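>>> pasting the sequence and the predicted model now:
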Amino acid sequence: MTSLPPAGFLGLTATLLGIGLFGILTRRNFILLLISVEIAMNAAILNFVYFAAFGGTPGALSGQSIAVVLVGLAATEVAVGLAIVLALNRSRGSINVAEAADLRL
Amino acid sequence: MSPEDAAFLGLAGVAVATALLALLVRELVHTILWVSIFFVDLAGLYFLVEATFLGVLQLGVYAGAVTILLFFGVMVTRKRIFSREAATGIGPYPLALSLVAIALMTTVATALPGGDAPVRAYDPKLLSADLFGPHGAWLILLGLAMMSALAGSIYLVREGREE
């Protein structure tokens, strides 16, 4: 049976979430913003899987089931995000989020 | 140190390094290449905790579909795909906020008992029984969300909307 350090896993997901947060706060390109959100979301999904792997009651799989749903949701979010990128690029000729401050595509 | 611990440390190091590189390189195409390595590395972490189904899902959805979508986004919005980003400042406040968040969460994580804990392996058959049994409503909700996302995307990009 495999044994691994749970504290190390949580430290890793915390660091990844911090990196994603940093990207969301500093990047101005819409695609980079999407990638930052993906990094943060992946950290959250990893957390669900780790808590399912280390804790919980035997036979309870909720963590992994939620992770499966979240992976699908994250992919959906990227698809909508890229549709917004295309619409922004067509109406403004740029995908800089600082120029798209008035909620009009 | 057991081989599993060494594998975890290696994969975790690669994950943090590729995530940082993806956000710090100037070339947008290089960003997408780094982030695809990040996704493959996360699939390795899933395999390490014996979540095989999720590992395969991660490879298919993230390393495959999301990466290709991001490439399409770059190809459609730029005349030359290898054009550099204007430098974005790193800014003291976002950096400080992220570091404080990391420090807080890591402190909470270290409150867990140290040392190794056994990993429970899951049978993919049990996972599918769980997904389509007690969590069936989640899957239907996911399907509805995906369908509305599809309709919304088509509405956003359809020709002649703003005229």
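Looks like it came in fine.
>>> show me where chain A has helices.
A:6-26, A:30-54, A:62-92 (DSSP state H).
>>> likewise chain B?
B:3-24, B:28-48, B:52-57, B:67-77, B:92-110, B:124-132, B:136-157.
>>> could you give the angle of the fourth one to helix A:62-92?
Orientation of helix B:67-77 against helix A:62-92 (axes from the mean of the first three to the mean of the last three C-alpha atoms, to 10 degrees) gives an angle of 10 degrees.
>>> now do the second one
Orientation note: helix B:28-48 sits at an angle of 170 degrees relative to helix A:62-92 (the same axes, to 10 degrees).
>>> quick one on the thing from earlier: want to throw the helices of chain A into CSV with distance to chain B, mean pLDDT and mean neighbour count?
(Glycine included, C-beta is placed from N, CA and C.) Listed next are the helices of chain A as CSV, based on distance: least, C-beta to the nearest C-beta, whole Å; pLDDT from 0 to 100; neighbours: other C-beta atoms under 10 Å in any protein chain shown:
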stretch, distance to chain B, mean pLDDT, mean neighbour count
helix A:6-26, 3, 87, 22
helix A:30-54, 4, 90, 23
helix A:62-92, 4, 88, 19
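>>> now these in TSV, with distance to B:Phe71?
Listed next are the helices of chain A as TSV, based on distance: least, C-beta to C-beta, whole Å:
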stretch	distance to B:Phe71
helix A:6-26	19
helix A:30-54	10
helix A:62-92	10
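>>> what's the closest of these to B:Ala51?
When these are compared by C-beta to C-beta, helix A:30-54 sits nearest B:Ala51, at 5.1 Å.
>>> check the offset of that closest one from the chain's centre.
4 Å (C-alpha atoms, centre = their mean, to the nearest Å).
>>> what do you get for stretch B:130-137?
24 Å.
>>> hmm, it in reach of chain A?
Yes - with C-beta under 8 Å from any C-beta of the partner chain as the measure, stretch B:130-137 is seen reaching chain A through B:130-131, B:135.
>>> in this structure A:Asn47 contacts A:Gly11, no?
No - with contacts counted by C-beta atoms under 8 Å, A:Asn47 stays clear of A:Gly11, the gap being 11.4 Å.
>>> confidence-wise, which of the helices of chain B is weakest overall?
For the helices of chain B, mean pLDDT drops lowest on helix B:92-110, to a mean of 78.
>>> buried sites along that one?
B:94, B:98, B:101-102, B:105-106, B:109 (16 or more other C-beta atoms under 10 Å in any protein chain shown).
>>> got the CA coordinates for that helix in PDB?
What follows is helix B:92-110, C-alpha atoms only, in PDB (Å, rounded to 0.1, in the frame of the first residue of the first chain):
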ATOM      1  CA  PRO B  92       4.000  44.700  -4.800                       C
ATOM      2  CA  TYR B  93       0.400  44.300  -3.600                       C
ATOM      3  CA  PRO B  94      -0.600  41.200  -5.600                       C
ATOM      4  CA  LEU B  95       2.700  39.600  -4.800                       C
ATOM      5  CA  ALA B  96       2.300  40.300  -1.100                       C
ATOM      6  CA  LEU B  97      -1.300  39.100  -1.100                       C
ATOM      7  CA  SER B  98      -0.400  35.900  -2.800                       C
ATOM      8  CA  LEU B  99       2.500  35.200  -0.400                       C
ATOM      9  CA  VAL B 100       0.300  35.900   2.600                       C
ATOM     10  CA  ALA B 101      -2.300  33.500   1.200                       C
ATOM     11  CA  ILE B 102       0.300  30.800   0.600                       C
ATOM     12  CA  ALA B 103       1.800  31.300   4.100                       C
ATOM     13  CA  LEU B 104      -1.600  31.200   5.800                       C
ATOM     14  CA  MET B 105      -2.700  28.000   4.100                       C
ATOM     15  CA  THR B 106       0.700  26.300   4.500                       C
ATOM     16  CA  THR B 107       0.500  27.000   8.200                       C
ATOM     17  CA  VAL B 108      -2.900  25.400   8.400                       C
ATOM     18  CA  ALA B 109      -1.600  22.400   6.400                       C
ATOM     19  CA  THR B 110       1.400  21.900   8.800                       C
END
